[in-house]
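Trainee: When you get a sec, could you give me coordinates for this:
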Amino acid sequence: MAKETILIVDDEEDIIELIKYNLKNEGYSILTALTGEQAIKIAKQSQPDLMVLDLMLPGIDGLEVTKYLKNNEQTRDMPIVMLTAKGEESDIVTGLELGANDYISKPFSPKVLVARIRAIFRRRRNNTMDTPGSIKQEGDMTIDRARHVVKIQGNAVDLTLSEFELLCFLADKKGWVFTRGQIVDAIRGENYAVTERSIDVVIVGLRKKLKTYASIIETVRGVGYRFKE
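Mentor: Below you'll find the predicted structure:
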């Protein structure tokens, strides 16, 4: 059974070969790029199912690549896993805020990278299953999990995958309070190495886009967040 196509972007060819070897062993089709410019061109032309993107690239860096792709209609829904040697919280937060789905710091375990990629594809498949209750209505806001669409008064709201998954998770358990750690486990997978700050960033971005419905995501001081009853 053919699997998804993954674009690997890194200026170090040995890193590309390491990732390529492990992903091909899992049955994935592989595309590669050495620069941000090449990554954008290939992403638009071939529309891969996921990108593994190094942040430190010559010319256009990984954050700029992420920003461009997430603002382009052809590529905005493509998941991006950031790969960086920096390991700095500011870079991670910026990448997640721009719409990246995950991150791994170098040096990294190929097995962990493969597991993260599997988890992203699994969540996407689950989110697109047309199951009963996949459409939720809250006043003039509609959450359509099957079509990955949120509308307010009939107008589509442009959410990143992280924002959409977080909204769906909280909406499914209306009134329940979840810690940042529980939210991370639910939308990223257990033991996901992420700072609590990144969840706050996603919440801020989500509220900003929900506009008049921003208050539907409530902060419970000292605990976490909930979907307003």
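Trainee: Pull the contacting residues for Ile152.
Mentor: Ile152 is in contact with 140-142, 210-213, counting by CB atoms under 8 Å, 6 or more residues apart in numbering. Any C-beta I mention is one placed from the backbone N, CA and C, and that applies to glycine too.
Trainee: Next secondary structure after whichever helix in the chain runs longest?
Mentor: Of all the segments of type helix in the chain, defined by DSSP state H, the longest one is helix 110-127. Note on helix 110-127: by DSSP states H and E, the next helix or strand toward the C-terminus is strand 135-138.
Trainee: Would you give the sheet partners of that following strand, along with the direction of each?
Mentor: strand 141-144 (antiparallel) (DSSP bridges).
Trainee: Okay, buried residues for the partner strand please.
Mentor: 141-144 (16 or more other CB atoms under 10 Å).
Trainee: can you list contacts of the longest helix of the chain?
Mentor: Looking at what lies outside helix 110-127 - CB under 8 Å, 6+ apart - the contacts are 4, 6, 18-19, 21-23, 26, 28, 49-50, 52, 79, 81, 83, 101-102, 104, 145-146, 148, 161, 164-165, 168, 187-189.
Trainee: Restricted to helices, list those residues.
Mentor: Applying DSSP H to these, the entries found in helices are 18-19, 21-23, 161, 164-165, 168, 187-188.
Trainee: what's the neighbour count on Thr160?
Mentor: By other CB atoms under 10 Å, 21 other residues sit near Thr160.
Trainee: so what's the backbone phi/psi at it?
Mentor: phi -70, psi 170 (degrees, to the nearest 10).
Trainee: what's the nearest residue to it if we skip its chain neighbours?
Mentor: Gly99 (4.0 Å; CB to CB, 6 or more residues apart in numbering).
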